[in-house]
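>>> next come a sequence and a model predicted from it.
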Amino acid sequence: MDDVAVIEDAAAAEVSLDPIRSRLLAALAEPASAAMLAGRVGLPRQKVNYHLRTLEQHGLIELVEQRRKGNMTERMMRATAASYVISPSAMAAVAPDTSRAPDRLSARWLLAVAARLVRDVGELITGSARVNKRVATFAIDGEITFATAADRAAFAEDLTAAVTHLAGRYHDDSTPGGRRHRIVVAVHPSVTRPDVSDPGPGGARAGGVRAGDATEG
């Protein structure tokens with residue numbers, strides 16, 4: 001089971017968004033049969049079987065074991081991932097367009113950039129899985145508190161200058177076979193949720209920023 005799977009197919013996205021199937025996906029973090037799930041979700045086994053077949057057809061769950069029970073075969077199913085992200089590719093015709101009115105101070109343009117990030121990384125993960133390779137990635141995640149709006153603006157300018165300097169230092173478009181990478185740097189107000197917990201392991205915190213050098217595959 002993968003930690004995260006990216007749904008790129010529109011039909012699979014529609015299937016995953018059905019409330020009952022979403023509950024079944026969550027319940028299938030551990031292997032279970034239709035009979036076992038029926039009691040948990042309060043539905044007849046036949047109806048659960050129908051939903052499981054649909055989820056299986058779209059690659060959202062997989063068969064992990066078959067057990068004989070009398071004259072029946074019990075199929076033990078499991079979700080293919082612990083969590084799912086729907087890629088903008090699933091709604092390609094109306095996906096956000098980063099080339100439309102780019103404005104680094106626009107929240108909607110930031111959302112378009114984030115959507116492209118999900119789409120591109122999702123395609124990389126899908127492609128790397130087919131050839132059993134890993135995708136090298138790096139991310140910085142953290143929080144910073146600004147005393148004033150002027151401080152926030154000054155931070156943005158300093159950050160822009162620092163990233164521009166680093167990009168100019170390391171960018172080499174003349175080397176044959178050079179490996180192109182996309183850089184995304186974003187700042188937005190934090191959203192407070194009552195169930196937010198410590199991010200846990202995965203990176204070292206320093207000055208409110210957590211950096212993680214990871215591979216996805």
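Thanks, I have the structure now.
>>> outline the domain layout of this protein.
The chain is divided into the following domains under automatic domain parsing: 2-84, 87-133.
>>> to residue 193, which of the ones you listed lies closest?
For those, proximity to residue 193 was assessed by Cβ to Cβ; domain 2-84 is nearest, at 16.4 Å. Glycine gets a C-beta too; all of them are placed from N, C-alpha and C.
>>> between the two ends of the closest one, how far is it?
Distance across domain 2-84, first residue to last, is 10 Å (Cα to Cα, to the nearest Å).
>>> which residue ranges of the protein form strands?
2-7, 61-69, 72-79, 81-86, 135-142, 204-206, 209-216 (DSSP state E).
>>> adding mean neighbour count and distance to residue 161, write the domains of the chain out as JSON lines.
JSON lines is the format used below for the domains of the chain (neighbours: other Cβ atoms under 10 Å; distance: least, Cβ to Cβ, whole Å):
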{"stretch": "domain 2-84", "mean neighbour count": "16", "distance to residue 161": "34"}
{"stretch": "domain 87-133", "mean neighbour count": "14", "distance to residue 161": "14"}
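>>> in CSV, list those domains along with mean pLDDT and distance to residue 153.
Below are the domains of the chain laid out as CSV (pLDDT from 0 to 100; distance: least, Cβ to Cβ, whole Å):
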stretch, mean pLDDT, distance to residue 153
domain 2-84, 92, 34
domain 87-133, 87, 10
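>>> Throw the ones you listed into a markdown table and include distance to residue 158, thanks.
Putting those into a markdown table (distance: least, Cβ to Cβ, whole Å) gives the following:
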| stretch | distance to residue 158 |
| --- | --- |
| domain 2-84 | 33 |
| domain 87-133 | 14 |
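>>> among those domains, which is nearest residue 192?
domain 87-133 (17.2 Å).
>>> in the protein, which helix is the longest?
Among the elements of the chain assigned as helix by DSSP state H, the one spanning the most residues is helix 107-130.
>>> show me what that helix is packed against.
Counting contacts by 3 or more Cβ pairs under 8 Å, 6 or more residues apart in numbering; DSSP states H and E, helix 107-130 packs against strand 2-7, strand 135-142, strand 209-216.
>>> and for the residue nearest to the spatial centre of the chain, nearest residue in space, chain neighbours not counted?
If you average the C-alpha coordinates of the chain and look for the closest C-alpha using Cα atoms, centre = their mean, you land on residue 85, 4.4 Å from that point. Beyond its immediate neighbours in the sequence, the residue positioned closest to residue 85 (Cβ to Cβ, 6 or more residues apart in numbering) is residue 6, lying 5.2 Å away.
>>> surely that neighbour is in contact with residue 124?
No: Residue 6 sits out of contact with residue 124 when judged by Cβ atoms under 8 Å, with a separation of 9.4 Å.
>>> not counting stretch 107-116 itself, show me its contacts.
In this structure, residues lying in contact with stretch 107-116 by Cβ atoms under 8 Å, 6 or more residues apart in numbering are 88, 95-98, 100-103, 184, 186, 188.
>>> just name the closest of these to residue 146, please.
Taking Cβ to Cβ as the measure, residue 146 lies nearest residue 188 of those, at 12.3 Å.
>>> any idea how far that closest one is from residue 140?
With the distance defined as Cβ to Cβ, to the nearest Å, residue 188 ends up 14 Å from residue 140.
>>> picking that back up, so which of the strands of the chain gets nearest residue 23?
When the strands of the chain are compared (using Cβ to Cβ), the closest one is strand 72-79, at 11.5 Å.
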